[in-house]
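Asks: curious how this folds, go ahead:
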Amino acid sequence: MHRRFAIQLITALLLIGPVWAVELKQALLLDNYVWRNNADWFGGLSAIHISENGRHLIAVSDRSKLITAQIERDGDRISDMRILGHWPILSSKGRILKGRAGDAEGIALAPDGSYYVSFEGVHRVVHYAAPDSNARVLPRPREFLDLNRNGSFEALAIDDRGRLYTLTEKNRTAQGDIPVYCWDGSRWSTPFVLPARGKFLPVAADFGPDGRLYVLERAVSFIGFRTRLRRWEIVDDIARSEEALLETGTGTHDNLEGLSVWRDGQGRLRATMVSDDNFLALQRTEVVEYLLPD
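Replies: Numbers count the residues shown, from 1 in each chain. This is a model prediction of the structure:
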């Protein structure tokens, strides 16, 4: 009897997959807005930032375009999104970036209103004083040169001390963890790693108004995309108290790649995510919003 129960238990565990010591909390879907625009440059949105009042958006596309937009809301739902401006993302010499060099994937706003953009075609993080300014490329340590060609700096986030954090989509440590690189204004370091779990890969990150690090992850199959959202407390360069907030089934959303975490007028914590449509007619640009537990 005991042997039969043990076999049944082992079989059940194999069927459900690995079990992790991660606290599970439930995010609540508020809205799924399809953003349409007929401009030939519109699409491929890979990163976003939402202002504190939830009315203004800044986004970058993976074809070297910076976009600002006004968000109109009707209660918890988005009623309209109106583009206010768009600019080509420039090189340090003022040239419009193209091809691999222009594969922008992450954005982080600095306290002074300037912003940083991460790229994965040519692995680097760049500072811009304004939308029409030339790039200031941050130093690139040798470690950056050997990263996966199409799987490096998808995610970029900035904490309340102005320190930048970027994550690689596909590169892992020798132990299989996700390395997190930090720029403190003078040098790069790797203060901590995050556990990789299952087939999900990190594609965006943000520090929320609660001070926690949020990471958006994606899993891809032949029939669609899955989405996961996790968060950690970062204390003394240690990532702790991991929580899984969201994990969708295949096809629930499109190719979500951008993430911004903010508080609404009611003080509620929200996550806004945007999808990269890859400029394909079969895909769409979605702006998805979830209410997060505190």
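Asks: how far away is Val60 from Leu45?
Replies: 7 Å (Cβ to Cβ, to the nearest Å). Quick note: C-beta positions are derived from backbone N, CA and C, even for glycine.
Asks: neighbouring strands for whichever strand or helix holds Ile71, and are they parallel or not?
Replies: Assigning secondary structure by DSSP states H and E places Ile71 in strand 65-74. With DSSP bridges as the test, strand 65-74 is paired with strand 56-61 (antiparallel), strand 77-88 (antiparallel).
Asks: most tightly packed of the ones you listed?
Replies: strand 56-61 (a mean of 23; mean count of other Cβ atoms under 10 Å).
Asks: same question for that strand, mean pLDDT?
Replies: Computed over strand 56-61, the mean pLDDT rounds to 97.
Asks: identify the residues contacting that strand?
Replies: If you take Cβ atoms under 8 Å, 6 or more residues apart in numbering as the criterion, strand 56-61 is touched by 41-51, 66-71, 81, 89, 104-107, 109, 115, 117, 258, 272, 274, 276.
Asks: let's see 6 Å
Replies: 44-45, 47-50, 66-69, 71, 104, 107, 117 (Cβ atoms under 6 Å, 6 or more residues apart in numbering).
Asks: stretch 261-275 now?
Replies: 45, 48, 50, 52, 54, 206, 208-209, 214, 254-256, 258-260, 285-292, 294.
Asks: what about the residues you listed, which are in strands?
Replies: 45, 48, 50, 206, 214, 256, 258-260, 286-292 (DSSP state E).
Asks: ok, now which ones touch the most centrally placed residue in the chain?
Replies: In the chain, the C-alpha closest to the average C-alpha coordinate belongs to Ala204, at a distance of 1.3 Å (Cα atoms, centre = their mean). By Cβ under 6 Å, 6+ apart, the residues touching Ala204 are Ala155, Leu216, Glu257, Gly258, Leu259.
Asks: could you rerun that using 7 Å?
Replies: Going by Cβ atoms under 7 Å, 6 or more residues apart in numbering, Ala204 touches Ala47, Gly106, Glu154, Ala155, Leu216, Glu257, Gly258, Leu259.
Asks: what's across from it in the sheet?
Replies: In beta-bridge terms (that is, DSSP bridges), Ala204 pairs with Leu216.
Asks: same check, this time on Leu66
Replies: Here Leu66, judged by DSSP bridges, has bridge partners Val60, Trp87.
Asks: is it true that it touches Pro131?
Replies: Yes. Counting by Cβ atoms under 7 Å, Leu66 touches Pro131, with 5.3 Å between them.
Asks: what's the overlap in contacts for those two?
Replies: By Cβ under 7 Å, 6+ apart, the residues touching both Leu66 and Pro131 are Trp87.
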